[in-house]
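>>> Predicted structure and sequence below. I'll ask about it afterward.
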Amino acid sequence: MLMMMGLRWRPQSRFPFLRNLVSLGKCLKKELGEGGGGNHKLLLIAVHAVLLESSFVAFDSVTKMKVEGFHLLDEWPTSEFSVTLWYTLPEIINQGVSEDGIETVFLKFRSLGKYVNVNGSLARNGCGVHRVCLDEDRLSFFLNIMWANCDSIKEKNGKGSFSHLHPEKEVFEFWRTIKDSLALPLLIDLCEKAGLPSPPCFMRLPIDLKLKILESLPGVDVAKVGCVCSELRYLSSNDDLWNQKFVEQFGNVEGLAGGSHSKEKFAKSWETRKRRRMAVPVRLGRLMGGPHIFAPRIIRDPDPLREPRIIGGDYDLGPAFPLGRSVRASPRRHVIPYCNLGIRRH
Amino acid sequence: MASAPENEKNASAPEKKTLTLKSMINNEEFVVDEHVALQSVTIKNMVDSDCAGDVIPVPTISGEILALVIEYCKNHANPSASEDDLKKADAGIVAKDIYTLIDLVLAANFLDIKGLLEVTSQKIADSIKDLPHQDVREIFGVENDYTPEEEAAVRAEHDWAFEGFP
């Protein structure tokens, strides 16, 4: 698993959740600006944004109607509070109201000092309650920084004066918690209850597992996955992931100095290697470091009594002479169980 | 394998302890030897902390998936299985469609069985390897939330990865 503590994301790959949150914030500007309880509002809106992103729509339990626009509450809470929000899915509304009414889920927010508990469950016969506890002060602090950054510097590299605090990491953790612990389980419960097909298969996975699967892909495929949708683009732009891919692919860390923009570095090395491969005659390739486009080639120690058999690439075309034998056929050669010719450099 | 079983001390030992795992989705029950079930860290923690009764309910995992998980655990609890045998058996277990694999990876994650998690995520990764992103979308059932302009921009940014793709 990726170590979440050390996550670094490329600043220019905008976090889709933040984009949604900012546009939601703009629509709610008037409501946000009025009265006190700013932190409560921010937290409610942030959770609301994750639910909307997960294909829920807000639902008014009194009028039994979908909540149009961005109206959330008539009265915003100020100090200690307990608030309930209802949600359903557009597909359920389109099915029309059955005798039992519309299937919904609700989120119940309750403040406890600086913490806010959020419980989510099916509105009717909800057997499982999904629960998260949020640190309101901490979260609003970081959300505010990200919000301010997004608003003022737009597409610039996102480096605010608070960049040393990694607010994006904090907000990512928040998003992951809400998404994995509330939105996804509620979505699965609600689809099952309403007889809808369950959510698309890959998107049902928690973020950790999505990252784990990306880790199992070669770098070039991780890049393609980034073109699938904005969430996967965000997840596939992680610097640690690309550092790992760089080492897997090129077998060294020389091109990685600095540790950030690892994807660009990977792309650059990939292009360089491709050009080299096309431009340099194969025979000379070895002298220039040898192209090993895929994994470093691992060749088992050959039987000392036979000519070493070297398969593939430039070695196939090289001199028929046993390569490096004179160097390696020392009395102690049996202690070298593998000779990894793929990463030899000349 | 790593988990050297201690159940071989005495062949005529009283009787092997078994556990019953019950899928809460379709109420299917599976009786398994304890040392097989204990490969799941989740179940091990339950047993160690004495919160496991005779029947251990397994929420959110169907009987079909639980059967695969148990097959994996049985293979890996067998001390005489060679590494090659295990590899072959693992490959057989994950030779499934993507929906089953997604359920299986969720189950491996929930039950905390590291080896199964590894082989299943690798298999899912392999199923989209060397494919253009449009195919990945279809296989994973992911909705394209890019505007055409955005998609073109992302595609251009990753042009280097698309050699040989239209």
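Nice, thanks for sending it over.
>>> Where does the prediction get shaky in chain B?
Chain B contains residues with pLDDT under 70 at B:1-15, B:164-166.
>>> need the residues of it near chain A, please.
Residues of chain B lying close to chain A by CB under 8 Å from any CB of the partner chain are B:98-99, B:102, B:105-106, B:109, B:117, B:121-122, B:124-126, B:128-133, B:136-137, B:139-146, B:150-151, B:154-155, B:158, B:160-163. For glycine as for every other residue, the C-beta is placed from the backbone atoms N, C-alpha and C.
>>> ok, now with 7 Å
Counting by CB under 7 Å from any CB of the partner chain, the residues of chain B close to chain A are B:98-99, B:102, B:105-106, B:109, B:121-122, B:124-125, B:128-130, B:132-133, B:136-137, B:140-146, B:151, B:154-155, B:158, B:160-161.
>>> And stretch B:65-80, how far out from the chain middle?
Stretch B:65-80 sits 11 Å away from the centroid of its parent chain (CA atoms, centre = their mean, to the nearest Å).
>>> Give me the neighbour count for residue 123.
Looking at chain A here, since you left the chain open. Neighbour count of A:Ala123, defined by other CB atoms under 10 Å in any protein chain shown: 19.
>>> think we crossed wires, I meant chain B
Neighbour count of B:Lys123, defined by other CB under 10 Å: 21.
>>> Assess the claim that it and B:Ala95 are in contact.
No: assessed by CB atoms under 7 Å, B:Lys123 is found out of contact with B:Ala95, at 8.1 Å.
>>> got a list of what the closest residue to A:Lys263 other than its chain neighbours touches?
Leaving aside its sequence neighbours, A:Lys263 sits nearest to A:Trp242 (CB to CB, 6 or more residues apart in numbering or on different chains; 4.6 Å). The contact partners of A:Trp242, taken as CB atoms under 7 Å, 6 or more residues apart in numbering or on different chains, are A:262-263, A:266.
>>> Can you list the residue ranges for strands in chain B?
B:18-23, B:29-33, B:55-58 (DSSP state E).
>>> ok, the residue nearest to B:Ala89 when sequence neighbours are not counted to chain A distance?
Leaving aside its chain neighbours, B:Ala89 sits nearest to B:Asn75 (4.6 Å; criterion: CB to CB, 6+ apart). For B:Asn75, the distance to chain A equals 21 Å [CB to the nearest CB, to the nearest Å].
>>> what's near enough to touch B:Asn75?
Neighbouring residues of B:Asn75 by CB under 7 Å, 6+ apart: B:81, B:86, B:89.
>>> okay, now A:Glu215: neighbour count?
Other residues close to A:Glu215 by other CB under 10 Å number 19.
>>> likewise the one 4 residues further on?
Counted with other CB under 10 Å, residues neighbouring A:Gly219 total 21.
>>> per-residue confidence at it?
pLDDT for A:Gly219: 90.
>>> With neighbour count and distance to B:Val58 as added columns, please give the contacts of B:Asn75 in TSV.
Below are these laid out as TSV (neighbours: other CB atoms under 10 Å in any protein chain shown; distance: CB to CB, whole Å):
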residue	neighbour count	distance to B:Val58
B:Ala81	16	25
B:Leu86	17	24
B:Ala89	16	22
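>>> now, which of the residues you listed sits nearest chain A?
Closest to chain A out of the contacts of B:Asn75 is B:Leu86 (18.7 Å), distances taken as CB to the nearest CB.
>>> Identify the residues contacting the closest one.
Going by CB under 7 Å, 6+ apart, B:Leu86 touches B:75-76.
>>> Could you show which parts of chain A are in contact with chain B?
Contact residues, chain A versus chain B (CB under 7 Å from any CB): A:200-205, A:209, A:212-213, A:216-218, A:220-221, A:223-230, A:233, A:267, A:270-271.
>>> Please repeat the previous calculation with a cut-off of 6 Å.
For chain A, the contact set with chain B under CB under 6 Å from any CB of the partner chain comprises A:200-202, A:209, A:212-213, A:216-217, A:220-221, A:223-224, A:227-230, A:267, A:270-271.
>>> What distance do you get for the residue of chain B positioned farthest from its centre to chain A?
Here the centre of chain B is the reference, and by CA atoms, centre = their mean the most remote residue is B:Glu149, at 38.3 Å. Noted for B:Glu149: a distance of 13 Å to chain A, by CB to the nearest CB.
>>> Which residue ranges make up each domain of the chain?
If you meant another chain, say so; for now it's chain A. Residue ranges for the domains of chain A, per automatic domain parsing: A:7-204, A:239-279, A:299-343.
>>> nope, chain B
According to automatic domain parsing, the domains of chain B span B:18-129, B:130-166.
>>> For the last one, list every residue counted as buried.
By neighbour count, with 16 or more other CB atoms under 10 Å in any protein chain shown as the criterion, the buried positions of domain B:130-166 are B:131-133, B:136-137, B:139-142, B:146, B:151, B:154-155, B:157-158, B:161-162.
>>> Can you classify A:His48 by secondary structure?
A:His48 carries the three-state label helix when classified by DSSP: H, G, I helix; E, B strand; the rest coil.
>>> Run through who's touching stretch A:83-102.
Contacting residues not belonging to stretch A:83-102 are listed as A:51, A:56-59, A:61, A:66, A:77, A:103-109, A:194, A:196 [CB atoms under 6 Å, 6 or more residues apart in numbering or on different chains].
>>> Nearest spatial neighbour of B:Leu38, chain-adjacent residues omitted?
In space, and not counting its chain neighbours, B:Leu38 is closest to B:Lys44: 4.7 Å by CB to CB, 6+ apart.
>>> Quick one: neighbours of that neighbour, just the number.
A total of 16 residues lie near B:Lys44 under the criterion other CB under 10 Å.
>>> Now do it against chain A, distance only.
Per CB to the nearest CB, B:Lys44 is found 19 Å from chain A.
>>> again, but for B:Ala95
Distance, B:Ala95 to chain A, using CB to the nearest CB: 17 Å.
>>> Equivalent analysis for B:Gly92, please.
From B:Gly92 across to chain A, the span is 19 Å (CB to the nearest CB).
>>> isn't B:Leu104 right next to B:Thr120, touching?
Yes: counting by CB atoms under 6 Å, B:Leu104 touches B:Thr120, with 5.0 Å between them.
>>> The two: which has the busier surroundings?
It is B:Thr120, of B:Leu104 and B:Thr120, that has more neighbours when counted by other CB under 10 Å, with 31 against 26.
>>> For the closest residue to the more buried one other than its chain neighbours, list the residues it contacts.
In this structure, B:Thr120 finds its nearest non-sequential neighbour in B:Val105, 4.3 Å apart by CB to CB, 6+ apart. By CB under 6 Å, 6+ apart, the residues touching B:Val105 are A:209, B:120-121.
>>> Show me those that map onto helices.
A:209, B:120-121 (DSSP state H).
>>> Save these as JSON lines, and put in distance to A:Gly251 too.
Putting the ones in helices among the contacts of B:Val105 into JSON lines (distance: CB to CB, whole Å) gives the following:
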{"residue": "A:Leu209", "distance to A:Gly251": "28"}
{"residue": "B:Thr120", "distance to A:Gly251": "27"}
{"residue": "B:Ser121", "distance to A:Gly251": "23"}
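>>> wait, which of the residues you listed is closest to B:Cys51?
The closest of those to B:Cys51 turns out to be A:Leu209 (CB to CB; 25.6 Å).
>>> Tell me if A:Val116 really is in a strand.
Yes: assigned with three-state DSSP, A:Val116 falls within a strand.
>>> So it sits against A:Arg138, correct?
No: contact criterion CB under 6 Å: A:Val116 and A:Arg138 do not qualify, at 11.2 Å.
>>> what's near enough to touch the residue in the stretch 1-150 of chain A positioned nearest to chain B?
Nearest residue of the stretch 1-150 of chain A to chain B: A:Pro16, at 7.6 Å (CB to the nearest CB). Listed by CB under 6 Å, 6+ apart, the contact set of A:Pro16 reads A:230-231, A:234.
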